[in-house]
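# fold the following, please.
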Amino acid sequence: MTIFRGVTNSPRYLARGLSWTTDLEKARWFSHRLDHLLDPKLKGMGVKQVPQPTVWSAQISPEGILALFYDQNELEVIVNPRRLRKLRLIEQTTPVWPPDAT
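Residues are numbered from 1 along each chain as shown. Below is the predicted model:
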């Protein structure tokens with residue numbers, strides 16, 4: 001099964017998390033969920049790292065799946081990160097400011 005994970009920063013170790021999705025668009029949304037940290041009002045308030053949205057893909061076999069949750073039109077896949085195969089970065093984008101109000 002191909003799964004996707006959106007993270008707000010690009011280090012590979014962040015991609016090896018437990019929570020993944022089968023929906024590429026939802027992974028893209030997750031990668032941008034902290035774009036609001038670019039708010040100029042937050043400058044000087046301890047915000048040190050600018051988000052670097054990335055989307056990863058991986059393959060997982062049924063033996064590596066710990067749980068499946070279907071909620072809000074998304075299939076969330078909880079995995080054993082040691083069972084991920086073919087982990088690869090598929091997108092790295094620029095944060096969006098101001099965030100889309102939708």
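# and the lowest-mean-pLDDT helix or strand in the chain, what does it pack onto?
Sorting the helices and strands of the chain by mean pLDDT, DSSP states H and E puts helix 12-15 at the bottom, at a mean of 80. Packing partners of helix 12-15 (3 or more Cβ pairs under 8 Å, 6 or more residues apart in numbering; DSSP states H and E): strand 2-7, strand 54-59, strand 85-92. Bear in mind the C-beta positions are built from the backbone N, C-alpha and C, glycine included.
# show me what contacts Met1?
By Cβ atoms under 8 Å, 6 or more residues apart in numbering, Met1 lies in contact with Thr22, Gln59, Ile60, Ser61, Pro62, Ile65, Val77.
# give the contact list for the nearest residue to Pro81 once chain neighbours are set aside.
For Pro81, ignoring the flanking residues on the chain, the nearest one in space by Cβ to Cβ, 6 or more residues apart in numbering is Arg16 at 4.4 Å. Going by Cβ under 8 Å, 6+ apart, Arg16 touches Pro81, Leu84, Leu87.
# which residues touch the second one?
Contact criterion Cβ under 8 Å, 6+ apart gives Arg16, Ala58, Gln59, Ile60, Gly64 as the residues in contact with Leu84.
# now with 10 Å?
Leu84 is in contact with 3, 5, 15-17, 20, 56-61, 64, counting by Cβ atoms under 10 Å, 6 or more residues apart in numbering.
# now do the last one
Leu87 sits next to Arg5, Arg12, Ala15, Arg16, Trp56, Ser57, Ala58, Gln59, Pro81 when contact means Cβ under 10 Å, 6+ apart.
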